[in-house]
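[1] Provide a 3D model corresponding to the input given below.
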Amino acid sequence: MLPTQLVVRNYRGYAREQALDLRPLTLLFGRNNAGKSALIRAIPLLAASATARGPQALDMTCPASGRASFDELRWHFPTEELPREMSLGLRWPDAQALDLAFAWHDRRWIHVAGLRVGGPTKPWHTALPPRGTNPSPTLTFRQRGAREFEEFTVRFDGLRISELQGPAPEGLEELCQRVGTFGDAVQWLSASRRPRDRFAGYDELRGERRLEHDGANIIPWLVEHPEALVSINRWYEDNIKARLKIEERPPVGYEVTLNHVGRPELRVNLLDTGEGNIQVLPVLAALAAAEGGFGPSIIVLEEPESHLHPQLQMALAARIRQASEDRPDVRVILETHSEHLLLALQKSVLTGVSPKDIGLYWVEQREDGSTVAQSVDVHSDGSLGRRWPPGVFDDTLHLAAELTGLQIQHEEGPS
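    Residues are numbered from 1 along each chain as shown. As a prediction, this is how the structure comes out:
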């Protein structure tokens, strides 16, 4: 069962509790440095932590952390209203919920400092301060604010429960198992995506299910998942009149080339093609894997439209829509500055997509430096709700009007 919502608090700029719907298509817009990437990167951070093992509750080696320390990942200005612990949580369609709070004990190890089962109406259970400086996977929890303390102990292996004793909240073990399942279901692609080299060596064939966040392993991934080429090549053929081909080059390994549809002898190495072709390939591969059921079904994308002509941005939007329609469990969460992706989203509502399947957010920074992601309604006529700020993409219209005025002045000549 896939979660339907991510909830963060005291994470990056998100000081207050912030929910992000994980719908079939969820888009985040906002100005630079607003916090779009930070919010969606909480998804791969939690996913990596859910599949890791060991005493650390958060996998800070995950690239989604940006190589930050825990203090850098956490909101810097806690108050009585906003406690120090950073929390990440998930909500599921059966109304189940789990929130996990994290603390950095003695600046040596990150542990689960609190947990809440059932959502905001339920009480938090907080961990007693660990003793000593060595990581301990076993923690004792008490209900926060309770007059009579009933304790239970949890032995964690990463975020998985290996041992539970005492009167813990009902469903805790099952929900932690769900978090582990969620960890296996996430594919994240960052804003810059390129193959590691012009060729992939034989030693790079490792049976990896996921693409690396920067697309570095796209060539060996395609060698091991040739079924993905069907939908990838359909998109390339329809939009740039070319198709990918994987060719073995002994003794080096494998090469991916782009071949002209009308003249197959016109072939070039992938890295010698346009930057847009290179950047979009991992996105198309992730969509093919999710749609085909041989890859993660939750796809998190940063600027998927990077280096694409507006016409191809619209074609990519159509491909994303197709993937979510062909396989109902596919979820695509992306952050973007593209007006064309927004227009494609609005058009999709008028051509059969239910507004309930679309999540739209405007991300902005408040005066106190914190960040909020405002949910924006998408109406059945494709129009946007009142929380969408006016004039977001008016710069193009203003520039066109200014250009027209200057052209008129030029034609009239000096007065």
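[2] who's in contact with the residue most central in space within the chain?
    Centroid-nearest residue in the chain: residue 300, 2.8 Å away (criterion: CA atoms, centre = their mean). Residues in contact with residue 300 (CB atoms under 8 Å, 6 or more residues apart in numbering) are 40-41, 43-44, 186-189, 333-334. (C-beta placed from N, C-alpha, C; glycine too.)
[3] so of those, which ones are in helices?
    40-41, 43-44 (DSSP state H).
[4] make TSV from those and add distance to residue 352 and neighbour count to it.
    Formatted as TSV, the ones in helices among the contacts of residue 300 follow (distance: CB to CB, whole Å; neighbours: other CB atoms under 10 Å):
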residue	distance to residue 352	neighbour count
40	26	25
41	31	24
43	27	26
44	31	23
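[5] secondary structure class for the residue lying closest to residue 270 once chain neighbours are set aside?
    Using CB to CB, 6 or more residues apart in numbering and skipping the chain neighbours, the partner closest in space to residue 270 is residue 256 (4.5 Å). Assigned by DSSP: H, G, I helix; E, B strand; the rest coil, the conformation of residue 256 is strand.
[6] now do the contacts for residue 256.
    Counting by CB under 8 Å, 6+ apart, residue 256 has contacts 195, 218-219, 222, 244-247, 269-270.
[7] that older thread, so where does the residue nearest to the centre of the chain fall, helix or strand?
    strand 298-302 (DSSP states H and E).
[8] listing partners with orientation, what would you give for that strand?
    strand 186-189 (parallel), strand 331-335 (parallel) (DSSP bridges).
[9] what's the first one in contact with?
    Looking back up the chat, that one is strand 186-189. 41, 43-44, 47, 64, 210-211, 213-215, 282-283, 286, 289-290, 295-296, 298-302, 304.
[10] can we see that at 7 Å?
    For strand 186-189, the external contacting residues (CB atoms under 7 Å, 6 or more residues apart in numbering) are 43-44, 47, 64, 210-211, 213, 215, 282-283, 286, 295-296, 298-302.
[11] how about stretch 340-356?
    By CB under 7 Å, 6+ apart, the residues outside stretch 340-356 that reach it are 27, 29, 305, 310, 313-314, 317-318, 321, 358, 378-380, 382.
[12] got a ChimeraX select line for the buried ones in those residues?
    A single ChimeraX command selects the buried members of the contacts of stretch 340-356 (16 or more other CB atoms under 10 Å):
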select :27,29,305,313,314,317,318,321,358,378,382
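[13] will you turn the contacts of stretch 340-356 into TSV that also has pLDDT?
    Below are those laid out as TSV (pLDDT from 0 to 100):
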residue	pLDDT
27	97
29	97
305	96
310	94
313	96
314	96
317	96
318	96
321	95
358	95
378	95
379	94
380	93
382	91
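[14] just the ones in helices from the contacts of stretch 340-356, please.
    Secondary structure from DSSP H places 310, 313-314, 317-318, 321 of the contacts of stretch 340-356 in helices.
[15] where along the stretch 301-415 of the chain do the strands fall?
    Assigned by DSSP state E, counting those that start in this stretch, the strands in the stretch 301-415 of the chain fall at 331-335, 358-365, 371-375.
[16] list the contacts of the last one.
    Just to be clear, that refers to strand 371-375. So strand 371-375 is in contact with 13-14, 18, 20, 28, 34-35, 39, 361-366, 387, going by CB under 7 Å, 6+ apart.
[17] now do 8 Å
    Contact with strand 371-375 is made by 12-16, 18, 20-21, 28, 30, 34-35, 38-39, 359-366, 387, as judged by CB under 8 Å, 6+ apart.
[18] show the buried residues in those.
    12-15, 18, 20-21, 28, 30, 34-35, 38-39, 359-364.
[19] could the strands paired with strand 298-302 go into CSV alongside mean pLDDT and mean neighbour count?
    Shown next, in CSV, are the strands paired with strand 298-302 (pLDDT from 0 to 100; neighbours: other CB atoms under 10 Å):
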stretch, mean pLDDT, mean neighbour count
strand 186-189, 98, 25
strand 331-335, 97, 25
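[20] rewinding a little: need the max-distance pair from the ones in helices among the contacts of residue 300.
    40 and 44 (8.2 Å; CB to CB).
[21] residue 276 and residue 313, how far apart?
    Per CB to CB, to the nearest Å, residue 276 is found 9 Å from residue 313.
[22] and what of residue 188?
    20 Å.
[23] now do residue 64
    Counting by CB to CB, the gap from residue 64 to residue 313 is 25 Å.
[24] shaky segments in this structure?
    By pLDDT under 70, the weakly predicted segments of the chain are 78-84, 132-136, 397, 415.
[25] would you map the helices across it?
    Assigned by DSSP H, the helices in the chain fall at 36-51, 70-73, 172-184, 218-224, 229-240, 275-292, 310-326, 339-350, 395-412.
[26] and the fifth one, which residues are buried?
    Residues of helix 229-240 classed as buried under the neighbour-count rule (16+ other CB under 10 Å) are 229, 231-233, 235-236, 239-240.
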